[in-house]
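Chemist: model the following, please.
(chains A and B)
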Amino acid sequence: MPGSQRVSRRTLLKGLGAAVSLPWLEIMSRTTALGGVVGQPPVRLGYFYVPNGIHMAHWRPEAEGALSELPVILKSLEPVKQNVLVLSNLAADHCKGNGAAHEPSGGGFLVGKRCKHSEIPEVGGVSVDQLAARDLGLRTPVESLSLGIDPGHRGDHGYSGTYMSHISWRNKTTPTALELNPRQLFDRLFRDRPLRRPDWNAQAASPARSSDSIEASILDVVQEETRALQRKLGYSDRRRLEDYLDGLRSVEKRIELASSDSHSHHQEDFRKDPHAQADDPDLARVIIPDGKGIPSVYADHVNLMLDILTLAFQTDTTRVATFMFSYEKSGRSYPQIEAPGSHHSTSHHGGKAENHQQLSNINSHHMELFSRMLQRMARIPEGEGTLLDNVLFCYGSGMSDGNKHNHDDLPIVLAGGAGRTLKGGRHIKYTSKTPICNLYVDMLARVGVDCKQFGDSTARLDRLS
Amino acid sequence: MFCRLPYSTGVSMTRQPAGWLAVLCALCVALNSQSAWAQPGRDKDPLSWDRNIHKLMHRNCFYCHNASNAKGGLNLAQDDDPRLILEHRQAWETALDMLEGGEMPPGKAKQQPSDEERDLMVRFLKETLNSLDCEALQDPGPPVLRRLNRTEYDLSVLDLTGLDLKLAEGFPPDPSSFGFDNIGEALTLSPTQVENYHNAAGEIVLRLQQQEQAHPREPSRIFVARPDKSHPEREVAQTVITRFATRAFRRPATPETIDRLMTLYDRSRKKSESHEQAIGHMLTAVLISPQFLIRLERNNPDSTEPYLIDDYELASRLSYFLWSAPPDDILLKLASQKKLQDPATLAAQARRMLKDRRSRAFVQNFFGQWFGLQELETRTTDLKIFPEFTPAVQTAIQQEATEFLQGILRDDRPCSDLIDADYSYLNETLAKFYGIPGVQGAQMRRVALKDRRRGGLLTMAAVLTLTSDPGRTNVPRRGNYIADRILGAPPPPPPPDIPALEESKSDKGKQLTVRELLDLHRRNPECASCHAKIDPLGLGLENYNAIGHWRDIEAGQPVNASGELIDGSKFNGPVELKQLLLKQESAFTRSIARNLLIYAYGRGLHAADECAIRDAIAAAEAKDGQFNEMIVSVVQSVPFRYRRNAD
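Modeler: Residues are numbered from 1 along each chain as shown, chains lettered A, B, ... in the order given. Here you go, the predicted model:
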């Protein structure tokens, strides 16, 4: 990718960040079209996954309490330290598997149940992000996003490879589709929808269906056709077609929201922003590199995906997302940061200093990219604060030490302000083997999803506020 | 004992296979008569499962192989009924090997069977595993619904429209089960996918309309008719969409469907849109229809027995199996004449399709996934260590594997070529890389190999690279690759928290060779049981470095590529290793057949599939081991041609 193009894209994105700044009106509490409170942006939920565990010696802060000098891997969080919590001693007992650790670490991480030992994946239930999306997703054009960088890998030892490449599950057998291609993603999210800043003060607009649109009729015809087909099919096939109809309905919703947009909460076109105009009127072309749309440098790819994710949150296109820095058991090599070995092979470090160093480099690299996104969010004004104040992100792995394959003492960072309800800047040590699902229950509560028990949770995690 | 298929001679089937309920009973009978399972009057039989064997297994095996403690990933305790032993054949064949070879129960286990008890368990398992009655067993297995995966989607669009857009490359990756991305149950649908299909349809239709606008008089795959004085627009629209929907659905579109689509045309025209625009909406509807995106097969609700799928469905099974693409005109025509279920026609079509260039998709998707060749694109090599691994070399090593595998189909080569062959496909770049003289130019061509240090997949740079780490060889991984992919017997996963090899205190500061390191490995009893099997296989390839270059020296010492397999057979170097592997051809052909069936049926294997496996192996054996014969046998197998209703 030529340097000039990259600069222009970066500049543009900065411009976009600036473009959403609006004076936020503080008005009385009232439910709006957006759900939540008028004048107050909703909390967006995100889960960020890193594979193969972490070199914990370079992760764990020495002392409990206020974060002071950050350990090597967390160093890049310094500028956003006050928006970050490091949580120790959380455990994912459900990530244990029959003679295989990586598959259930990925597949089970957000589900809180054991993965079935099977080539046909079955995780035991819905993942926490999708549980939230069932509710939060009703109000946005896109229910949720499930993003990643690498396609998966075939499974081993009788486990489906799908477990390793998917942390987000719509139900116990259906993973959410993982999007890897930034161009495709950007197109899907914004092609027929100008980038607009949300107005959290808007009143509920009746989602008037423009029933005479041909686009809607096409969906009607296909739906009718599908119903007719279902009668000729067996029971399980009919159910699969229900999934298809679900998908059609989500397309329908997009079309409806787009057509009723003029009187909804999406106000001004981003492209009227002079920054954007100066670079290129066609945002999609500027933001996405040429070719197949996947940058060849890992960091560029991650940054691009996270930029689009930021944009999706900013524009209230969606409120729930997961992101995988790579699939579990990933053998990706990172020669550009002095970690040329296969990540998975290196994670079986055998106590060797050279392997520890490479792992520490990889772990730090991922965290730097995550931190860069947080720092950008901290510069995007929203409501009375910033976008960062209105997100709630969990960053971590289903495995602690990649050599031991242990699922207790997980590396977990909580980031964002959750609507300024979190008290950041701290390292909290919980009782040994506190279920990570306790954290999920808390996160759900903070985004307004009432769920007293999830997975193997025993209580809502305390001490976060 | 191989099962023969109940073919009828004519178009209509006169002999239906036994109902699948009857099938299970046949299975029971077979078991009852042969293995004395729960059979009255034989309750003193030492091979009675209920009376004796189950208890022995319980005492000797299940303690470590149950649901909560499945050592080696093996849960044997779940099979508390001998029928399930057949269902989980592969696991039990492993168990049988272990019992017979004295490897299990492990030496450290307190509970050990007496020789007599061990013998009883071995005899029981052998009898049970051999007790299939393929004449009676005609179970096509549970029905499978497959949506098009990304490859199939792109090839279907190409076939339908002539547009090579590769839109699906940007779709979410398809889930992989059993090592393949065409497994029905795993190919789930989520809204993101449907949205992708919707967007893609928009793009395709736009292109088609632009094409029509630019060249309104040229012949078109889509606009097969154009309005004129004698052909009014609406009639033309109906002709166009009928043809398009029929191709897209891979079977004649029903009048009801066409009527529904035509309502879109009428609505559009009423809004004063053009004829072409109105057709465009119908095309979009077809392209997002489940009949295009999913390979639907009709249910026969009244039948409790397996039934033949119809000829159009068979045409699709055939074409997506061998081409990853929709049936061509020849197949559709045969289907319309109801001739495709005729065994001779079916076999002839399979042979034709294998020679067609579209079988490249089979090479890429079946062989490519089975042998992991698709992973070459994403794996990285440390170019600081191997600057000679240039883009030209990387391309060439992939091409070599593809050309070689394509040749297996084109030239009716035997399966054994995969292990060792006296030829390969090289261009100048690759020949230089291998140190083979006399090949000039960029074109890949078949080259005879005199020196058998090259020849067959295992000695190709493609496989040697993808089984290495970025900067060094990985002996256990190479060994595991041979055990898993070639011999179909992957070792169980390694235990966690493995200590560093170097830290095992046995050296005095001198640099150890890989072999010495692995010897340490094998002195640790926890590692030894598996590594004794896989390490020697991998060591046999130590003469090839991490990018597949030949080397005689490693870490300052001569490479020692000699080894001994678990059965005691010795070898020295890759040439002899290949000879030993060829002697295990039955394990290899079974591994091929298993993978082929999974790929063809789009599902995991069940008890009755053993019959199709045996048929496929026998078919190849009868004709010099030709791989193509296996394929012909698979398309004629019961599960490929039949369907039954879900349980």
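Chemist: contacts only, for the residue nearest to B:Met98 when sequence neighbours are not counted.
Modeler: Closest residue to B:Met98 apart from its sequence neighbours, by CB to CB, 6 or more residues apart in numbering or on different chains: B:Met104 at 3.8 Å. C-betas here are computed from N, CA, C, even on glycine. By CB atoms under 8 Å, 6 or more residues apart in numbering or on different chains, B:Met104 lies in contact with B:61, B:95, B:98.
Chemist: make a markdown table from those and add pLDDT, secondary structure and neighbour count to it.
Modeler: Shown next, in a markdown table, are these (pLDDT from 0 to 100; DSSP: H, G, I helix; E, B strand; the rest coil; neighbours: other CB atoms under 10 Å in any protein chain shown):
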| residue | pLDDT | secondary structure | neighbour count |
| --- | --- | --- | --- |
| B:Cys61 | 86 | helix | 22 |
| B:Ala95 | 86 | helix | 22 |
| B:Met98 | 84 | helix | 17 |
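Chemist: kindly indicate which of those residues lies nearest chain A.
Modeler: Nearest to chain A among the contacts of B:Met104 is B:Ala95, at 14.1 Å by CB to the nearest CB.
Chemist: so the closest one sits right up against B:Cys64, yeah?
Modeler: No. Using CB atoms under 8 Å, B:Ala95 is not in contact with B:Cys64; the gap is 11.4 Å.
Chemist: separation between the residue in chain A positioned nearest to chain B and B:Leu426?
Modeler: Nearest to chain B, among the residues of chain A, is A:Gly247, at 2.5 Å (CB to the nearest CB). Distance, A:Gly247 to B:Leu426, using CB to CB, to the nearest Å: 47 Å.
Chemist: more crowded one of the two?
Modeler: B:Leu426 (26 against 23; other CB atoms under 10 Å in any protein chain shown).
Chemist: what pLDDT is listed against that one?
Modeler: Reported pLDDT at B:Leu426 in the predicted model: 97.
Chemist: what's the separation between it and B:Arg360?
Modeler: 19 Å.
Chemist: nearest spatial neighbour of B:Ile566, skipping sequence neighbours?
Modeler: B:Lys533 (5.3 Å).
Chemist: didn't the one you found look like it was pressed against B:Gly479?
Modeler: Yes. Using CB under 8 Å, B:Lys533 makes contact with B:Gly479 at a distance of 7.5 Å.
Chemist: so for those two, which sits in the more crowded spot?
Modeler: Each of B:Lys533 and B:Gly479 has its neighbours counted (other CB under 10 Å); B:Gly479 has more, 25 against 19.
Chemist: who touches that one in this structure?
Modeler: Neighbouring residues of B:Gly479 by CB under 8 Å, 6+ apart: B:533-539.
Chemist: the closest residue to A:Ala63 other than its chain neighbours sits in which helix or strand?
Modeler: Closest residue in space to A:Ala63, ignoring its immediate chain neighbours: A:His427 at 7.0 Å, by CB to CB, 6+ apart. For A:His427, the element it lies in under DSSP states H and E is strand A:426-435.
Chemist: tell me the mean pLDDT for that strand?
Modeler: Averaged across strand A:426-435, the pLDDT comes to 97.
Chemist: buried residues, the helix or strand that that strand is followed by. List them.
Modeler: Counting by DSSP H and E, the element after strand A:426-435 in chain order, helix or strand, is helix A:436-446. Within helix A:436-446, the residues that count as buried by 16 or more other CB atoms under 10 Å in any protein chain shown are A:436-446.
Chemist: looking at those, which is nearest B:Asp133?
Modeler: Taking CB to CB as the measure, B:Asp133 lies nearest A:Cys437 of those, at 49.7 Å.
Chemist: list the contacts of that closest one.
Modeler: A:94, A:112, A:128, A:454-457.
Chemist: top of those by neighbour count?
Modeler: Neighbour tally across those (other CB under 10 Å): the maximum, 32 neighbours, falls on A:Val128.
Chemist: mind checking how far that one is from A:Ala92?
Modeler: 12 Å.
Chemist: overlap in contacts, the two.
Modeler: A:Gly112.
Chemist: any residues of the stretch 101-250 of chain B in contact with chain A? List them.
Modeler: Proximity of the stretch 101-250 of chain B to chain A, by CB under 8 Å from any CB of the partner chain, involves residues B:143, B:145, B:147, B:169-173, B:175-179, B:183, B:185-186, B:188-199.
Chemist: what residue ranges in the stretch 201-350 of chain A are flagged as low confidence?
Modeler: Counting by pLDDT under 70, the stretch 201-350 of chain A has low-confidence residues at A:201-212, A:258-292.
Chemist: okay, strands next: where are they in it?
Modeler: Secondary structure of the stretch 201-350 of chain A (DSSP state E, counting those that start in this stretch): strands at A:266-269, A:320-324.
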